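J.: What follows is a predicted protein model with its sequence.
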Amino acid sequence: PYDVQIMMGRWGFRSFDDLPQDVGKTRLMVIGDSFTQALEVSDDQAYWPVLKKKMPVALYVYGVIGYGNLQEGMILDEYLDLVKPDAVLLQLCSNDFINNSLELENTSFINSQRQRRPYLKENGEIFYATPGTVPALRTALTRYSRVFGFLFHRFDLAQARWRGYKSVELEIERKNGEVREYKKSLRTTALIFRKIKERCGNVPVYAFVADPTPPFYEDFRKLCADAGFIF
């Protein structure tokens, strides 16, 4: 055990540097998942304060545990005009491909959040669903009490133990990405990236992957290049 000091800023931002001393600095909007939310370390030890120590940037950082790229894009869409960044930094993780796909989340015991979230159809339409078994019951009960969410989580862990913790991510790695649902997630992720690039317009988008797991890392590299992100 160790102590951490964590602050949340306006609108849920981990950092919102709209301060007099930040005038004239490059306005960098950082968006990601748990690696960016960084609840395991104090505010001065996450990766984004390191950027501020090394470069003249004002930071606007938004990260949430379990977010997929669609949710990150929705946050970008909501706050881009408020922040008016000079650049956007998108933090990626191999589990994004799972979180971007309802089919993959349904079969994942490692990275499924088992909570209602938005997904993107291949025609660009957004829909909401709860992954996992008995999704309608999960959605109805967890809306009223976190206790039910805890109980469903314990049920999922018991299922994972019973199945020997076999999860779809391991199959994707073993087959080097040759999994039908994963191929579909690649197409969905490419569409999300195009939407992010269109929303940012002339604002450059930088992207990095927090973990180098194959085949996810190289697939991200290709998708970023196709979208016009600086990888």
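T.: Sure thing, it's come through.

J.: show me where the chain has strands.
T.: Using DSSP state E, the strands assigned to the chain run over residues 15-16, 26-32, 57-63, 87-92, 117-120, 126-129, 205-209.

J.: List of residues touching the lowest-mean-pLDDT helix or strand in the chain?
T.: Using mean pLDDT, DSSP states H and E, helix 135-142 stands out as the lowest-scoring helix or strand of the chain, at a mean of 74. Taking contacts as CB atoms under 8 Å, 6 or more residues apart in numbering, the residues outside helix 135-142 that touch it are 114, 115, 116, 129, 130, 132, 148, 149, 152. Where C-beta positions appear, they are placed from N, C-alpha and C, glycine not excepted.

J.: To residue 2, which of the strands of the chain lies closest?
T.: Proximity to residue 2 (CB to CB) singles out strand 57-63 among the strands of the chain, at 20.6 Å.

J.: who touches that closest one?
T.: Under the contact criterion CB under 8 Å, 6+ apart, strand 57-63 has outside partners 12-19, 22, 25-38, 48-49, 51-52, 75, 79, 83, 85, 91.

J.: chain center to it: distance?
T.: With CA atoms, centre = their mean, to the nearest Å as the basis, the distance from the averaged C-alpha position of strand 57-63 to the chain average is 15 Å.

J.: Show residues contacting stretch 147-162.
T.: Contacts for stretch 147-162 (CB under 8 Å, 6+ apart): 109, 112, 114, 115, 132, 133, 138, 141, 142, 167.

J.: Equivalent analysis for stretch 39-55, please.
T.: By CB under 8 Å, 6+ apart, the list of residues contacting stretch 39-55 reads 4-7, 14-15, 26, 28, 30, 35-36, 38, 57, 59, 61, 65.

J.: at 10 Å what do you get?
T.: Taking contacts as CB atoms under 10 Å, 6 or more residues apart in numbering, the residues outside stretch 39-55 that touch it are 2-8, 14-15, 17, 22, 25-26, 28, 30, 32, 34-38, 57-61, 63, 65, 89, 91, 208, 210.

J.: Just the buried subset of the residues you listed, please.
T.: When burial is judged by neighbour count using 16 or more other CB atoms under 10 Å, the buried members of the contacts of stretch 39-55 are 14-15, 17, 22, 25, 28, 30, 32, 34-38, 57-61, 63, 89, 91, 208, 210.

J.: Now do the buried residues in stretch 221-231.
T.: With burial defined by 16+ other CB under 10 Å, the residues of stretch 221-231 counted as buried are 223, 224, 227, 229, 231.

J.: Equivalent analysis for stretch 209-220, please.
T.: By neighbour count, and taking 16+ other CB under 10 Å as the criterion, the buried residues in stretch 209-220 are 209, 210, 215, 216, 219, 220.
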